[in-house]
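Asks: give the three-dimensional model of this entry:
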Amino acid sequence: MLLSRTLLSVLAALGVTASAALAQTMESTPAPRPAKPNFAPFSFMVGTWSCSTKSARRPAAYHTTETWSMDPTGYWLVGKQKTDPMSWFPYASTGEDRITYDPDTGRWVDVYQGDFGGYDLTSSKGWNGSSIVWHDLSFAGGKDVATQSDVTVTKVSPAKMTSTSTFTTAKGRSVGVTSTCTKQH
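Replies: A predicted model of the protein is given here:
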């Protein structure tokens with residue numbers, strides 16, 4: 001019994017000593033606040049845009065209103081979309097893109113979520129002249145779309161953007177998708 005009490009006392013003392021030593025070696029300096037992204041190349045996007053997107057496999061373009069703004073933290077550029085119903089998809093829908101910069105990977109990231117379970121995660125190395133190329137990080141082929149290309153967005157002017165991409169259907173058909181957006185204000 002005496003041996004047990006002595007052993008417990010020694011173990012307890014070692015535990016306190018080990019805890020104190022560990023506490024002294026732990027970093028106590030607060031991590032620096034991450035720098036805010038430099039959104040200067042994207043600044044022309046802030047405002048409201050009217051967009052028309054045409055898929056080569058659909059009878060007509062669909063129309064979207066996009067409103068882009070900086071979030072209050074300064075870490076995200078936020079684009080909210082409203083898409084009008086069309087004959088081949090008779091439902092109004094909304095979505096939201098959130099763009100930020102990931103300094104650990106050295107790339108821009110766009111996180112999208114929309115009505116009806118829509119989602120996407122894309123990244124880009126950034127603007128190269130007047131164009132930026134977005135690569136889909138979350139794409140997995142499905143029953144209708146087997147592959148897809150990157151999306152190239154081109155700043156035609158401070159009030160006009162275009163985008164192009166393609167995808168391949170499960171049956172092997174290559175389908176082009178083009179979009180033109182014009183700034184309203």
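
Asks: what's the closest non-adjacent residue to D84?
Replies: Nearest non-adjacent residue to D84, counting by C-beta to C-beta, 6 or more residues apart in numbering: H63, 4.9 Å away. To be clear about C-beta, it is placed using only N, CA and C from the backbone, and glycine gets the same treatment.

Asks: one more: W127?
Replies: That would be P41: by C-beta to C-beta, 6+ apart, it lies 4.5 Å from W127.

Asks: related to what we said a few turns ago, can you pull the contacts of the residue nearest to D84?
Replies: S50, C51, S52, T53, T83, D84, M86 (C-beta atoms under 8 Å, 6 or more residues apart in numbering).

Asks: let me know the closest of the residues you listed to K171.
Replies: Closest to K171 out of the contacts of H63 is T53 (22.2 Å), distances taken as C-beta to C-beta.

Asks: wait, the closest one sits on S179?
Replies: Yes - assessed by C-beta atoms under 8 Å, T53 is found in contact with S179 at 4.1 Å.

Asks: quick one: which of the two has more around it?
Replies: S179 (19 against 16; other C-beta atoms under 10 Å).

Asks: okay, buried residues for stretch 96-112 please.
Replies: D97, R98, I99, T100, Y101, W108, V109, D110, V111, Y112 (16 or more other C-beta atoms under 10 Å).

Asks: please, which helix or strand holds the closest residue to S130 other than its chain neighbours?
Replies: Nearest residue to S130, sequence neighbours excluded (C-beta to C-beta, 6+ apart): K155, at 4.6 Å. For K155, the host element (DSSP states H and E) is strand 151-157.

Asks: sweet, I'm off.
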